[in-house]
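J.: Provide a 3D model corresponding to the input given below.
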Amino acid sequence: MKKEYFSVLVLLLLLLFYSHSNGNQNSFFAPNAKKDYEKIVKLQQETEQSFLETHDFDIKIKGCENVILALNEFLKNYPNDKHNVTFTPDLESWKTKKFAFTSEQNMLINKLSSLLGKKAGETAQKKHPMSKIEAIDLASQDKHTVGEKLNLTNVYSVRMKGKMLGKSIFKLSITTSGSIDTEDKSVLVNDKAQVEE
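T.: Down below sits the predicted model:
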């Protein structure tokens with residue numbers, strides 16, 4: 001009798017292990033799926049709410065990444081769960097949001113960088129009006145957000161050559177800066193530029 005009881009117990013344990021390893025959500029592990037589902041629903045709601053309280057691109061992009069990670073983990077851990085019907089399109093939606101935020105941020109940074117590069121060229125020309133610019137390259141870029149402003153500082157390496165004889169060579173390091181208003185999406189270039197020769 002004890003032997004039969006032991007055999008049944010072993011069979012039940014093997015069945016339980018098999019069900020869990022194959023992602024069967026009709027097993028004893030279903031409550032975990034429900035709990036994780038509720039956590040992700042709450043995470044999505046809280047992230048959406050945070051988007052209404054900030055215009056910071058980095059915060060929005062990070063929020064999307066956190067939700068995408070959570071959804072991917074759920075779909076991986078519970079491939080047969082009934083909530084995947086909504087979580088699968090949710091995942092694509094959050095990927096689209098992240099792409100939109102990233103694209104808009106990059107577009108504004110590129111727009112400001114173009115203006116900063118132009119400012120560097122104008123500054124170099126004022127420094128050596130009798131020379132022409134042969135090359136201007138972006139050496140470094142620093143960006144950080146303060147409140148609703150995304151501040152950008154670009155350092156350019158500028159090579160200039162004399163217009164008359166073409167023998168005078170000048171190498172400059174020009175630092176320009178500006179900001180992006182993340183709320184109204186406007187860009188501003190600071191008037192002052194730092195020149196090192």
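J.: and residue 37, what is it in contact with?
T.: Contacts here follow Cβ atoms under 8 Å, 6 or more residues apart in numbering; on that basis residue 37 touches 74, 81, 83. Where C-beta positions appear, they are placed from N, C-alpha and C, glycine not excepted.
J.: From the contact counts, what lies against the longest helix along the chain?
T.: Ordering each helix of the chain by length in residues (DSSP state H) puts helix 84-127 first. For helix 84-127, the packing partners by 3 or more Cβ pairs under 8 Å, 6 or more residues apart in numbering; DSSP states H and E come out as helix 30-51, helix 57-77, strand 131-146, strand 149-162, strand 169-181, strand 187-189, strand 194-196.
J.: How is this structure partitioned into domains?
T.: 28-104, 112-196 (automatic domain parsing).
J.: With mean pLDDT as extra columns, can I get those in CSV?
T.: Formatted as CSV, these follow (pLDDT from 0 to 100):
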stretch, mean pLDDT
domain 28-104, 92
domain 112-196, 92
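J.: Out of the contacts of residue 37, which comes closest to residue 174?
T.: For the contacts of residue 37, the residue nearest residue 174 by Cβ to Cβ is residue 74; the value is 50.3 Å.
J.: Not counting residues beside it along the chain, what's closest to the residue nearest in space to the middle of the chain?
T.: Taking Cα atoms, centre = their mean, the centroid of the chain lies closest to residue 61, which sits 4.5 Å from it. In space, and not counting its chain neighbours, residue 61 is closest to residue 101: 5.1 Å by Cβ to Cβ, 6 or more residues apart in numbering.
J.: now do residue 194
T.: In this structure, residue 194 finds its nearest non-sequential neighbour in residue 175, 4.1 Å apart by Cβ to Cβ, 6+ apart.
J.: The one you found is in contact with residue 158, isn't it?
T.: No - counting by Cβ atoms under 8 Å, residue 175 stays clear of residue 158, with 11.1 Å between them.
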